[in-house]
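*Asks:* Mind folding the following:
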Amino acid sequence: MSNRSSSTVAAAATSSVMQHIAQGNALLRQGKVDDAIAVVGGLLQTYPDEARVFAFLAEASRVKGELDAAVSWIDRAIRASPDPQHKIKKAWLLSRLLRRDEILPLADQVAAQAGDDRTLRWQLGKLYYHHNFLREAIGQYEVALATGPDNPSWRYDLAIARFYAGDADKAEADLNSVLQASPQAGAVIYLRSTLRRQCQGQNHVADIESRLRSPFRTAEDEAGALYALAKELEDLGEHEKAFISLLAGAKKKRSTIQYDAAAFDKMTEEVRAVQSVSAMAVPVAGHDGEGAIFVLGLPRTGTTLVERILLQSGKVKDAGELMDFGFHLTAAIQRTRAKAPELSPTEATMKVDFDALGRDYMRGARQMAGGSERFIDKLPANYLYCGMIHKALPKAKIIHLVRDPLDSCYAIFKTLFFNAYDFSYDLEELAAYYIAYRRMMQHWREAMPGVILDVRYEDLVADTEAQARRIYDWCGLEWTPEALSVPDSKAVFATASAAQVREPVHTRSVNSSRKHVDGLAPLIKKLEEAGFLEA
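*Replies:* Reported below is the predicted structural model:
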């Protein structure tokens, strides 16, 4: 066969493969996963070594929720083709499976072949960032941006990584660059305001007010600008104006989300009923692994300060705000209900294999902490799982941050969390959530006396050493004066409090809500009625 004839055949084959994949993608978008697999899978007999077919089948398996099958397919694509995108795809599948120890070597392989491929460098940055390798992420983002025209969305990613890594000056320069291209990007405006405590000689109030005089493209963007203005005005001591802006921002943000407060309250009631005092007293065989430290409660209650105090020991590593325990518990519930479908999901929690649950959690979480013997999981919402955590990991340390109810709610209300904490943008919904949270924690104390260490935020900032010693003793750590030191600028804190946690401990937030008792009246009324706030 001539070269020309070979090229014609190859082109026809490529056209056929791409047509089938296009048809398969259309079916995936319609939710017809099995039909999509049938259409593209039919090519395997004719094209048994076609990487694009394997990659499509990996994606279809992922959509179907068959992640192990998806990894098998993408492995075949990797063997058939040097395209690094297949390795990127595999890395994200491994992330979903919490097989994190396999991700870094794979990412390093891609980095070695990335060359001047800007998009690949950016994808690597996202991968490193998501897995707590902030320095590596920053390096990849910088290379991506240095080898071609500026990309505002990539620069925003770089700014976030720099913010969490403690480089506020470079992060602000990045954000200002993004705002030149997208002057009304609300998330960018807000992040810029949170980089540091603003002062009279250095702030963005006039700039934000100018941007707010023009209509915004989306309510989400306008909310970001309003929250930014509220934050900076509060920093400057203009509390009344700040609260007006905050209320407007919260109203805008609430209009963009769906949240069912009644459904959450019903769920917590069911958990308390099923995981009752008597049920929790029944002994089970949990995993005997040691080293997990859960720091939990509500956001903005001092969890990051406790994390900082523990990290300063040099004996503990940060695993981040992991979704792992909930992920593994959900999987365990599904396995249990497959054998006993008459059980509700909540009822199934008491029938899971607690040893396997604890073992699975420890393996993935420790990987996120670089294999450290001791590690911190700082997801605030883990308070919902205290009972299951103790059953699965009886040697885990649980530290619960407690803060004045009104201060706690106000600190949450004034923070823009973007895609988290949907309850926080309406004062009555916030009150309902807080009440459900307090009742849940009261239940855990009754069901598991002596298992949870309560640390009051007000005590922590007023007498940090005394509380830090309590925390160290609880975790079995040898005391060190370093616990009280401010971390250096290279310390990573992937949290909304990343700027504040690098400051010396202060008490200025204690009773900060009392400046707004009139504006917080709907919240105060509900907390008083529930008995969590004295009239």
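*Asks:* Angles on the backbone of the residue nearest to the spatial centre of the chain, please.
*Replies:* Central residue of the chain (Cα atoms, centre = their mean): residue 321, 5.8 Å from the mean position. Residue 321 adopts backbone torsions of phi -90, psi 90, taken as degrees, to the nearest 10.
*Asks:* next SSE after the helix or strand hosting residue 27?
*Replies:* When elements are assigned from DSSP states H and E, residue 27 belongs to helix 3-29. The C-terminal neighbour of helix 3-29 among helices and strands, as given by DSSP H and E, is helix 33-41.
*Asks:* mind checking pLDDT for residue 508?
*Replies:* In this model, residue 508 is scored at 88, pLDDT.
*Asks:* Please state the backbone phi and psi of it?
*Replies:* According to degrees, to the nearest 10, residue 508 has phi -70, psi -20.
*Asks:* Against residue 321, how distant is it?
*Replies:* 25 Å (Cβ to Cβ, to the nearest Å). Just so you know, the C-beta spots here come from the backbone N, C-alpha and C atoms, and that holds for glycine as well.
*Asks:* and what of residue 231?
*Replies:* 21 Å.
*Asks:* quick one: residue 455 is in a strand?
*Replies:* Yes - Residue 455: assigned to a strand according to DSSP: H, G, I helix; E, B strand; the rest coil.
*Asks:* isn't it right up against residue 470?
*Replies:* Yes - Residue 455 lies in contact with residue 470 (Cβ atoms under 8 Å); the separation is 7.1 Å.
*Asks:* Which one of these two is surrounded by more residues?
*Replies:* Taking neighbours as other Cβ atoms under 10 Å, residue 455 and residue 470 compare with residue 455 leading, 25 against 16.
*Asks:* and that one, what does it touch?
*Replies:* Contact analysis of residue 455 by Cβ atoms under 8 Å, 6 or more residues apart in numbering lists 302, 306, 399-402, 467, 470-471.
*Asks:* Can you check what pLDDT the model gives it?
*Replies:* 98.
*Asks:* next one: residue 420
*Replies:* With respect to pLDDT, residue 420 has a value of 89.
*Asks:* That one: what secondary structure?
*Replies:* coil.
*Asks:* how about the helices of the stretch 251-400 of the chain, start to end?
*Replies:* 261-274, 277-280, 303-311, 324-339, 345-348, 354-368, 386-392 (DSSP state H, counting those that start in this stretch).
*Asks:* what's the closest of these to residue 168?
*Replies:* helix 303-311 (16.0 Å; Cβ to Cβ).
*Asks:* and the closest one, what does it pack onto?
*Replies:* strand 292-296, strand 317-318, strand 375-377, strand 397-402, helix 457-462, helix 464-475 (3 or more Cβ pairs under 8 Å, 6 or more residues apart in numbering; DSSP states H and E).
*Asks:* let's go with 6 Å and repeat that
*Replies:* strand 292-296 (3 or more Cβ pairs under 6 Å, 6 or more residues apart in numbering; DSSP states H and E).
*Asks:* Now do the strand it packs on and strand 397-402, the angle between them.
*Replies:* Interaxial angle, strand 292-296 versus strand 397-402 (axes from the mean of the first three to the mean of the last three Cα atoms, to 10 degrees): 10 degrees.
*Asks:* what about dumping the CA coordinates of strand 292-296 to PDB?
*Replies:* Taking Å, rounded to 0.1, in the frame of the first residue of the first chain, the C-alpha atoms of strand 292-296 are listed here in PDB:
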ATOM      1  CA  ALA A 292      -5.700  11.600  64.000                       C
ATOM      2  CA  ILE A 293      -6.600  14.900  65.500                       C
ATOM      3  CA  PHE A 294     -10.100  16.300  64.600                       C
ATOM      4  CA  VAL A 295     -10.400  20.000  65.100                       C
ATOM      5  CA  LEU A 296     -14.100  20.900  64.600                       C
END
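*Asks:* can you list contacts of that strand?
*Replies:* 303, 306-307, 376-378, 380, 382-383, 393, 396-400, 475 (Cβ atoms under 6 Å, 6 or more residues apart in numbering).
*Asks:* how about 7 Å then?
*Replies:* For strand 292-296, contacts defined as Cβ atoms under 7 Å, 6 or more residues apart in numbering pick out 303, 306-307, 310, 316, 362, 365, 374-380, 382-383, 389, 393, 396-400, 475.
*Asks:* and that strand, how far out from the chain's middle?
*Replies:* 15 Å (Cα atoms, centre = their mean, to the nearest Å).
*Asks:* tell me the mean pLDDT for it?
*Replies:* 98.
*Asks:* For the stretch 351-500 of the chain, which residues score under the pLDDT cut-off?
*Replies:* Scanning the stretch 351-500 of the chain for pLDDT under 70 picks out 488-500.
*Asks:* circling back to that earlier point, pretty sure the residue nearest to the centre of the chain is in contact with residue 378, am I right?
*Replies:* Yes - Residue 321 is within contact range of residue 378, at 5.3 Å (criterion: Cβ atoms under 7 Å).
*Asks:* Which neighbours do these two have in common?
*Replies:* The contact lists of residue 321 and residue 378 share no entry, where a contact means Cβ under 7 Å, 6+ apart.
*Asks:* so residue 534 is in which element?
*Replies:* Residue 534 belongs to no helix or strand, assigned by DSSP H and E.
*Asks:* Just the pLDDT for it.
*Replies:* So residue 534 comes in at 73 (pLDDT).
*Asks:* residues near it, how many?
*Replies:* Applying other Cβ under 10 Å, I find that residue 534 has 7 neighbouring residues.
*Asks:* so where's the stretch 201-350 of the chain uncertain?
*Replies:* For the stretch 201-350 of the chain (pLDDT under 70), the answer is none.
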